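Visitor: pasting the structure only:
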DNA sequence: CAGACATTTTAATAATTGTTTAACAATGGA
DNA sequence: TCCATTGTTAAACAATTATTAAAATGTCTG
């Protein structure tokens, strides 16, 4: 179970256009990850700006990084995303969740 | 399908402790909703502060309100939450979503 | 209609956040 | 070793956001 402050941090990390785009790239890529440079190229953002955003995402637990040679690979942490979603929908409709499930 | 800006707005709306607590109360309560006053009592927050947060949540599409007499009932909009989650996990792992589903 | 109640609006202030530029560290190939 | 490449850090500034207090709006009850 996540604490409220962790959830707020994760939501805040995703609540920014550049970071949301980064996260989606990483989700789409899967466990292999994407290098910082590839993300910079795809999003057309300055390296320093991205580095700032990577740090925010990492600190929120939503992404992880590993260094390979000169490259840094970032990957999405799916467990944290799933916990966050679980937190948001917890105890839905007082235990009668039919009213809030997708059709 | 939601647009990125809508998703960012919804995430930003939830990325604040008071609003996250409001939202969870509404999710737990279901379609009946909760009055602004009840939420103020449960969260021990000033009415003006809550009104500000309700507006943020409403504007993001996450909650709806209806007036009944002197009371305003707020309810969670589950469809928007589900769309938001779908947006975040879209195209997961390049179409091979096993790696990112909860166990 | 007068007064009490429920909630919103406005205006002001304090705190947080995003971007840029420049300088810095680490890696690997010539 | 020297240099180009990859990415991070630091400092400064602009912009956004949260909170409070006070005044205003709307709704019911007597």
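Guide: That came through, no problem. Quantities reported herein were computed from a predicted structural model and do not represent experimental measurements.

Visitor: DNA strand C contacts on chain A?
Guide: Residues of chain A lying near DNA strand C by CB under 7 Å from any atom of the strand: A:12, A:15-19, A:45-46, A:48-49, A:52-53, A:56, A:67, A:69-70. C-betas here are computed from N, CA, C, even on glycine.

Visitor: Tell me, how many residues neighbour the closest residue to residue A:18 other than its chain neighbours?
Guide: Spatially, and ignoring its direct neighbours in sequence, residue A:18 is nearest to residue A:53 (5.5 Å; CB to CB, 6 or more residues apart in numbering or on different chains). Residues near residue A:53, counting by other CB atoms under 10 Å in any protein chain shown, number 22.

Visitor: part of a helix, is residue A:53?
Guide: Yes: per DSSP: H, G, I helix; E, B strand; the rest coil, residue A:53 lies within a helix segment.

Visitor: Distance of it relative to residue B:29?
Guide: 35 Å (CB to CB, to the nearest Å).

Visitor: Repeat that for residue A:82.
Guide: Counting by CB to CB - residue A:82 and residue B:29 are separated by 24 Å.

Visitor: who has more neighbours, those two?
Guide: Shown here are residue A:82 and residue B:29; by other CB under 10 Å, residue B:29 has more neighbours (20 against 16).

Visitor: Okay, now the unreliable bits of chain A?
Guide: Residues of chain A that meet the criterion pLDDT under 70 lie in A:99-103.

Visitor: List the residues that contact the residue in chain A that DNA strand D sits nearest to.
Guide: Proximity of chain A to DNA strand D (CB to the nearest atom of the strand) peaks at residue A:37, 2.4 Å away. Counting by CB atoms under 8 Å, 6 or more residues apart in numbering or on different chains, residue A:37 makes contact with A:47, A:71.

Visitor: Got phi/psi on the residue sitting furthest away from the middle of chain A?
Guide: Here chain A reaches farthest from its C-alpha mean at residue A:96, the gap being 29.2 Å by CA atoms, centre = their mean. The phi/psi pair for residue A:96 (degrees, to the nearest 10) reads phi -120, psi 80.

Visitor: Can you give me the neighbour number for the residue lying closest to it once chain neighbours are set aside?
Guide: Sequence neighbours aside, residue B:30 is the residue nearest to residue A:96 in space, at 6.9 Å (criterion: CB to CB, 6+ apart). Burial measure for residue B:30: 21 neighbouring residues, criterion other CB under 10 Å.

Visitor: State the distance from residue B:30 to residue B:3.
Guide: Distance from residue B:30 to residue B:3, by CB to CB: 28 Å.

Visitor: re earlier: the residue of chain A closest to DNA strand D belongs to a helix?
Guide: Yes: per three-state DSSP, residue A:37 lies within a helix segment.

Visitor: what about it, distance to residue A:43?
Guide: Distance from residue A:37 to residue A:43, by CB to CB: 11 Å.

Visitor: Who are the packing partners of the helix or strand where residue A:20 lies?
Guide: Assigned by DSSP states H and E, residue A:20 belongs to helix A:17-29. When contacts are defined as 3 or more CB pairs under 8 Å, 6 or more residues apart in numbering or on different chains; DSSP states H and E, helix A:17-29 packs onto helix A:4-14, helix A:36-43, helix A:47-59, strand A:63-68, strand A:71-76, helix B:4-14, helix B:78-89.
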